[in-house]
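need the 3D shape of this:
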Amino acid sequence: MIAQIRGTIVARGPDHVVVDVGGVGYKVFVPRQPEASEATLHTHHVVREDGQFLYGFGSREELALFELLTSVSGVGPRAALALLSVSRAPDLAAAIASGDVGAIARAPGVGKKTAERLIVDLRTKVAGAVGDGGLPTTAPIEDEAVAALLALGYTPAEAASALRGVPSAKAATTEQRVRAALRRSAAVI
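Model prediction:
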């Protein structure tokens, strides 16, 4: 099983890169092209009758979400890769946790029924993992704005959803971020 690849990117395709590792070129399917010419990719290795396939990700959290997505009946590696190519992993996890069918169905080849199945099958897994390091979130638990929203009775998934689109902790104070999240939540209701 190949769990990680580190090397020089020698070729790029629309959905893959070729990584040279010690003179051997590995074709790795990726949701987004790495920007640097050197890359470390966390991989998911699939062995089937018709071939072996590597799917690569820039972080372990993105890989964990990919593996969670492919655990759902009817969602294969290609669909999971499509989901991660149109949404960053934290945004996709938050969309699943909050039940946002439209955000999930934006991926090519993923319709409304598949999006609903993902939500039904993964909502509790994603919501339970949000903030505890199991999956990426749009707002890490170390974030004071998340802690404030949790203290106000928000679930971790609701806090992540409310903070989506709110300026980052580097761009705004905790108070400004919480106010913006509360205004955003009030506008949704």
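
send me the longest helix anywhere in the chain as CSV with only the CA atoms.
Among the segments of the chain that qualify as a helix by DSSP state H, the longest is helix 112-129. C-alpha atoms of helix 112-129 as CSV (Å, rounded to 0.1, in the frame of the first residue of the first chain):
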residue,chain,number,x,y,z
LYS,A,112,-29.1,15.9,-5.8
LYS,A,113,-29.7,12.3,-4.8
THR,A,114,-26.1,11.5,-4.2
ALA,A,115,-25.7,14.8,-2.3
GLU,A,116,-28.6,13.8,-0.1
ARG,A,117,-27.2,10.3,0.4
LEU,A,118,-23.8,11.9,1.5
ILE,A,119,-25.6,14.1,4.0
VAL,A,120,-27.7,11.2,5.4
ASP,A,121,-24.7,8.9,5.7
LEU,A,122,-22.0,11.3,6.8
ARG,A,123,-23.8,14.2,8.7
THR,A,124,-23.3,12.7,12.1
LYS,A,125,-19.8,11.5,11.4
VAL,A,126,-18.7,14.9,10.1
ALA,A,127,-20.6,16.8,12.8
GLY,A,128,-19.1,14.6,15.5
ALA,A,129,-15.6,15.1,14.1
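
report all helices and strands that it contacts.
Where contact means 3 or more C-beta pairs under 8 Å, 6 or more residues apart in numbering; DSSP states H and E, helix 112-129 is packed against helix 60-70, helix 89-98, helix 101-104, helix 156-163. Just so you know, the C-beta spots here come from the backbone N, C-alpha and C atoms, and that holds for glycine as well.

hmm, who's touching it?
For helix 112-129, contacts defined as C-beta atoms under 8 Å, 6 or more residues apart in numbering pick out 68-69, 71-75, 79, 93, 96-97, 99, 101-102, 104-105, 134-135, 155-157.

run the last query once more with 10 Å
With C-beta atoms under 10 Å, 6 or more residues apart in numbering as the contact definition, helix 112-129 has outside contacts at 61, 64-65, 68-69, 71-75, 79-80, 83, 92-107, 110-111, 134-137, 155-158, 160.
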